[in-house]
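> Curious how this folds, go ahead:
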Amino acid sequence: MTQNTTDQRGFSLIELTIVLVIVALLSSGLMFGLSAQRDAAANRDAQVQIDNAKEALLGFAISNGRLPCPANPALAGTATGAGLENCSLTPADHGVLPWATLGLPETDPWGQRLTYFASTRFTAALTAGSLCSFTMHS
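Modelled structure (predicted):
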């Protein structure tokens, strides 16, 4: 009498599928955690950059008696005059932060330029003999 035994070794397809699903769930959880950490770091970097921009604007105002005019947002970063204040923009109070004038990075951590609005009352050229173009009551 012959016995017909088959020796099965290994995992079934169902067992392999369950293991792969568990591994996928665990790795997606890790990726979400890393993504959240990356976003938090970018937010911190952006806050530092905004604080630096505020300090640079105050320094410019103290040195020049006025705020800088916005830079032209239409110019590419490598174009001549990109990032320099441009008081002939229309509208004159709308543009991007003049990063080259202030010595700041061109973009934030997400690759976007900082939008900058400054009323022409605060960016006006100084009149002869004056120390600043505006007062705190302007």
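> CA only for contacts and neighbour counts going forward, please
Will do.
> Who does residue 107 form a beta bridge with?
On the basis of DSSP bridges, residue 107 is bridged to residue 113.
> Would you confirm that it contacts residue 115?
No. Applying CA atoms under 8 Å as the test, residue 107 and residue 115 come out as separate, 10.2 Å apart.
> which stretches of this protein form helices?
Listed in chain order, the helices of the chain (DSSP state H) span 13-64, 99-102, 120-123.
> Nearest to residue 79 among those would be which one?
With CA to CA, the closest approach to residue 79 among those belongs to helix 99-102: 11.9 Å.
> before we move on, the earlier item: mind putting the helices of the chain into JSON lines with mean neighbour count and distance to residue 130?
Formatted as JSON lines, the helices of the chain follow (neighbours: other CA atoms under 10 Å; distance: least, CA to CA, whole Å):
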{"stretch": "helix 13-64", "mean neighbour count": "13", "distance to residue 130": "11"}
{"stretch": "helix 99-102", "mean neighbour count": "19", "distance to residue 130": "22"}
{"stretch": "helix 120-123", "mean neighbour count": "18", "distance to residue 130": "14"}
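> Need those in a markdown table (columns: mean pLDDT).
Output for the helices of the chain, formatted as a markdown table (pLDDT from 0 to 100):
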| stretch | mean pLDDT |
| --- | --- |
| helix 13-64 | 88 |
| helix 99-102 | 93 |
| helix 120-123 | 84 |
